[in-house]
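Asks: build me a structure from this.
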Amino acid sequence: MLLRFHSTLTRTASLLAALVLVACVANPAPAQLQWNNVTKSETFPDLAWKFDDGLQAKQISRFSPPALDGGLVYLVADPDHRVWEQSGSTPGPYVVAVDEATGQAKWKTEMDGIGLVDAAPIVQNGVVLARTLGNMDPNDNILAFDAQTGAALWKLENTFPAARTWKKDAFCTLVLKDNKAGASLQELDDVCVDWRSGAVVSQFTITEKDGWSVGAAGVAANGNSLFMLHDFRLSGFKLPSGTPLFQAPAPDGAYKIAAAGGLVYANDDYVSAYDAQTGAKSWRLSQKVGNAEFMLTADDNTLYISPETSLPPELLAVDGKTGALKWSLLPGAEVGRPYPPQISGNLVYAAFGDGAQLQSKYLPADGQQGAKFLYALDRQSGAVKWRYEQPDFKTELYNTSRITLPVAELNGSLYVTTWLSLGNVDYSSLHSSTLFRLDAATGKVISTTTLMLKQVSGSYSHIGDLLTGAYALNNRVYLPTGANSVYVLK
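Replies: Numbering: from 1, shown residues only. Next up is the predicted model:
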């Protein structure tokens with residue numbers, strides 16, 4: 001299991017033409033490659049089934065990563081709120097349960113608000129938890145549904161995702177109480193509720209004022225403990241009672257915290273580790289990383305750190321218990337910024353690319369959609385096994401192709417989804433989206449499948465098939481799209 005301490009949003013965009021990407025090799029691609037126009041979409045030769053929500057005439061639906069439990073696949077879908085029927089209102093976001101074997105929907109329940117699709121729904125104890133946007137970033141609303149019927153069970157408003165934990169009998173999270181007197185007086189409580197009924201099992205107050213600032217400044221939960229940054233202190237509490245564990249001086253200017261494996265990690269311009277029971281400092285990283293992204297693997301306590309964008313691109317692997325540097329990868333500034341890595345057996349997949357600056361030109365919102373290079377690294381030594389470069393397809397127009405994340409490994413193949421843009425420095429949109437199947441051992445291209453735009457009434461529709469990452473579950477590969485469909489490969 002991976003404990004991730006970052007947020008990502010996967011967004012969709014329009015597709016304007018039909019084309020097939022030329023397969024590239026694992027080593028750096030030539031400076032220019034040709035692309036070929038075709039008249040129809042390719043089909044997946046390994047397609048098991050495809051789920052389509054049938055709403056193309058009304059909206060573009062974006063899908064969350066899948067969650068699998070008891071033979072059902074659970075997904076959250078959200079409309080693109082900029083596009084809907086002019087004569088009526090757009091359908092709302094929904095959570096759906098799909099039969100894993102056939103792709104047939106078992107139930108579908110619509111939700112109010114704006115659905116969040118950056119993470120898979122949580123499925124525990126016969127309950128599905130989906131999320132919608134709260135009234136202030138970074139909080140969100142949690143909606144609970146019966147896993148077999150889709151019946152709505154309960155709702156918690158304005159919760160903080162970084163501070164969630166759960167056990168057999170209760171789900172716990174920080175809840176911001178809506179205080180009409182003003183944000184400065186908002187109360188912040190840690191609340192545990194029964195999975196089925198939503199009844200409060202336990203509750204204690206963190207602060208009676210300035211609750212949003214406390215929750216947004218830095219909170220983390222792990223097991224039966226809650227940790228937070230507040231008033232220049234790092235505090236720990238025992239759950240569900242709220243009994244204080246410790247108070248320790250917080251690092252000056254700390255950006256955020258995370259907790260796992262009996263330690264609390266605080267990120268200022270460096271990373272420091274504290275004992276989760278006493279607050280005693282365990283170690284401090286000597287290398288400056290700024291406001292970094294970091295991720296801890298629970299099985300071997302390795303902390304992967306990506307420094308902030310003002311520092312040279314790098315991926316650090318640090319021993320989470322001691323702070324000792326295991327290895328680092330410095331690919332060079334021309335490779336671009338690092339994305340959070342993925343772990344697969346003895347390999348680490350590390351993607352680098354242009355990031356938000358490029359995405360702002362070609363995509364409507366942020367997300368993990370701007371990677372150009374993909375490295376396969378030995379997990380123990382950091383040695384590079386291979387490097388794959390996504391080629392640009394340059395003609396007289398400004399064409400750029402990039403990888404969407406995450407990637408998925410299954411049966412010796414690595415599934416990599418990509419998009420290709422067309423335009424210039426002032427205007428651009430998406431041409432197509434292609435699945436590359438790579439040999440996981442070498443990074444060489446095995447085959448491709450390209451999805452193109454659909455044409456409606458002689459003009460190109462805004463409905464396309466942008467693949468937004470790949471997920472391997474139970475010997476299947478799931479390919480959610482930003483265009484009303486989920487493809488499942490066998």
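
Asks: so where's the chain uncertain?
Replies: 1-42, 56-59, 80-90, 178-184, 354-369, 393-399, 421-431, 452-465 (pLDDT under 70).

Asks: direction included, what does the longest strand along it pair up with?
Replies: Taking DSSP state E as the criterion, the chain has its longest strand at strand 152-166. Under the criterion DSSP bridges, strand 152-166 sits next to strand 140-146 (antiparallel), strand 170-176 (antiparallel) in its sheet.

Asks: identify each buried residue in it, please.
Replies: For strand 152-166, burial by neighbour count (16 or more other Cβ atoms under 10 Å) applies to 153-154, 156-166. Every residue, glycine included, has its C-beta placed from N, CA and C.

Asks: likewise stretch 224-244?
Replies: Within stretch 224-244, the residues that count as buried by 16+ other Cβ under 10 Å are 225, 226, 227, 228, 229, 230, 234, 235, 236, 237, 239, 240.

Asks: let's have those in a markdown table, adding secondary structure.
Replies: Below are the buried residues of stretch 224-244 laid out as a markdown table (DSSP: H, G, I helix; E, B strand; the rest coil):
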| residue | secondary structure |
| --- | --- |
| 225 | strand |
| 226 | strand |
| 227 | strand |
| 228 | strand |
| 229 | strand |
| 230 | strand |
| 234 | strand |
| 235 | strand |
| 236 | strand |
| 237 | strand |
| 239 | coil |
| 240 | coil |
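
Asks: closest one of those to residue 247?
Replies: Closest approach to residue 247 among those (Cβ to Cβ): residue 235, at 5.1 Å.

Asks: from the chain's centroid, how far away is stretch 479-490?
Replies: What separates the centre of stretch 479-490 from the centre of its chain is 16 Å, taken as Cα atoms, centre = their mean, to the nearest Å.

Asks: which residues in the stretch 351-490 of the chain form helices?
Replies: 356-362 (DSSP state H, counting those that start in this stretch).

Asks: which residue ranges form the strands in it?
Replies: Applying DSSP state E, counting those that start in this stretch to the stretch 351-490 of the chain gives strands spanning 371-378, 384-389, 400-410, 413-423, 428-439, 445-452, 455-456, 459-460, 471-473, 476-480, 485-489.

Asks: quick one: closest of those to residue 72.
Replies: Closest approach to residue 72 among the strands of the stretch 351-490 of the chain is made by strand 471-473 (11.6 Å; Cβ to Cβ).

Asks: before we move on, back to that, would you turn the strands paired with strand 152-166 into CSV with mean neighbour count and distance to residue 208?
Replies: Below are the strands paired with strand 152-166 laid out as CSV (neighbours: other Cβ atoms under 10 Å; distance: least, Cβ to Cβ, whole Å):
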stretch, mean neighbour count, distance to residue 208
strand 140-146, 22, 22
strand 170-176, 23, 12
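
Asks: can those strands go into CSV with extra columns for distance to residue 450?
Replies: Output for the strands paired with strand 152-166, formatted as CSV (distance: least, Cβ to Cβ, whole Å):
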stretch, distance to residue 450
strand 140-146, 35
strand 170-176, 42
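
Asks: what's the closest of those to residue 128?
Replies: Short answer: strand 140-146, nearest of the strands paired with strand 152-166 by Cβ to Cβ, at 4.6 Å.

Asks: residues contacting the closest one, please?
Replies: Applying Cβ atoms under 8 Å, 6 or more residues apart in numbering, the contact partners of strand 140-146 are 95, 109, 111, 113, 116, 126-134, 151-159, 161, 173, 195, 198.

Asks: okay, now residue 415: neighbour count?
Replies: 23 (other Cβ atoms under 10 Å).

Asks: do you know which of the strands of the stretch 351-490 of the chain lies nearest residue 293?
Replies: Comparing those against residue 293 with Cβ to Cβ, the closest turns out to be strand 400-410 (13.0 Å).

Asks: which helices and strands does that closest one pack with?
Replies: Applying 3 or more Cβ pairs under 8 Å, 6 or more residues apart in numbering; DSSP states H and E, one finds that strand 400-410 contacts strand 342-344, strand 347-353, helix 356-362, strand 371-378, strand 413-423, strand 471-473, strand 476-480.

Asks: quick one: closest of the ones you listed to residue 261.
Replies: Taking Cβ to Cβ, strand 342-344 is the member of these nearest to residue 261, at 15.2 Å.

Asks: so what does that closest one touch, helix or strand wise?
Replies: Against strand 342-344 (3+ Cβ pairs under 8 Å, 6+ apart) you get strand 347-353, strand 400-410.
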